[in-house]
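Visitor: pasting the sequence and the predicted coordinates here, then a few questions.
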Amino acid sequence: MTDLALPAADLFDTWADCVREFGDDRRDGSGDWQIEHFGADRATFDALLEICRTEADPTSTLPEGHVHCDYYWIVEGGEDADDPTERGLIGFMAVRHSIDTEFLRTLGGHIGYSIRPSRRRRGHASRALGLALDRAREVGLDRVLITCDPDNVGSARVIEGQGGVLDIAPSDNCRYWITL
Ligand SMILES: CC(C)(COP(=O)(O)OP(=O)(O)OC[C@H]1O[C@@H](n2cnc3c(N)ncnc32)[C@H](O)[C@@H]1OP(=O)(O)O)[C@@H](O)C(=O)NCCC(=O)NCCS
């Protein structure tokens, strides 16, 4: 099964394990771009938790270039799914409440995600995106923009599988809209 968990302090060990496995691979949806020396360490984790808390709070005032955003940690689990500490973290998901910056309108889009390498090709990203679209509806969005590189076949299939319709495909960026 695939689920979305809110970032939480008791998930440090599985978060760190997940970050280590990503290595230098891209961690879309993790919020890592906001942390200068991102690593699988406690300082990064604590800073990230604070960022996730602040950005998810629609009443918080954010720095220029930031938008409110719900961060989720994608988890897989079995019988113990009621206890998040029993569930392994397998990826990241960010659901932005708006795309009110030039970067997000052109490149970033509303939603970003990634799955740790050892758990890919098992349907996790597709299911996690489906759950993220439910969250986007709750935020009040009626359509979302999701972008990917033209050579990112996996991500394109994930988006199309969830109803993404290609808007325009300039050479360096494919833009998909999903109506909610
Ligand atoms: C892209 C990514 C999120 C896909 O995650 P995933 O959990 O492997 O995706 P899924 O298992 O849900 O796969 C969905 C579909 O894409 C296909 N697919 C996945 N990765 C693929 C690949 N590398 N090449 C070809 N097809 C691929 C799957 O076979 C599946 O096909 P189907 O719809 O016919 O069943 C993952 O590879 C990743 O984290 N990449 C790095 C970060 C990234 O690119 N994020 C997206 C930014 S736009």
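Guide: Perfect, thanks for sending it. Remember, predicted model here, so these are calculated numbers, not experimental data.
Visitor: from now on I want contacts and neighbour counts done on CA atoms only, so please keep to that.
Guide: Will do.
Visitor: can you give me the strands in this protein?
Guide: 2-5, 69-76, 88-96, 111-115, 143-148, 165-166, 174-179 (DSSP state E).
Visitor: all the helices of this structure, residue numbers only.
Guide: Ranges of helices within the chain are 12-22, 42-56, 102-103, 124-139, 153-161, based on DSSP state H.
Visitor: and the ligand, is the fourth one touching that?
Guide: Yes: for a cut-off given as Cα under 6 Å from any ligand atom, helix 124-139 has contacts with the ligand, namely 124-126.
Visitor: outside of stretch 148-162 itself, list whatever touches it.
Guide: Stretch 148-162 is contacted by residues 125-126, 129-130, 146, 169, 171-176, 178 when judged by Cα atoms under 8 Å, 6 or more residues apart in numbering.
Visitor: in TSV: those residues, plus neighbour count.
Guide: As requested, the contacts of stretch 148-162 are exported to TSV (neighbours: other Cα atoms under 10 Å):
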residue	neighbour count
Ala125	26
Ser126	20
Leu129	23
Gly130	17
Ile146	25
Ala169	14
Ser171	8
Asp172	10
Asn173	17
Cys174	20
Arg175	23
Tyr176	22
Ile178	17
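Visitor: out of the residues you listed, which one has the weakest pLDDT?
Guide: Among the contacts of stretch 148-162, Ala169 carries the weakest pLDDT, at 64.
Visitor: check contacts around Leu141.
Guide: Taking Cα under 8 Å, 6+ apart, we find Leu141 in contact with 97, 180.
Visitor: what does the chain have sitting close to the ligand?
Guide: Those residues of the chain that sit near the ligand, judged by Cα under 6 Å from any ligand atom, are 26-28, 112-115, 120-126, 147-148, 153-155, 157-158, 161.
Visitor: and the residues you listed, which of them are buried?
Guide: Among the residues of the chain next to the ligand, those buried by neighbour count (16 or more other Cα atoms under 10 Å) are 27-28, 112-115, 124-126, 147-148, 155, 158.
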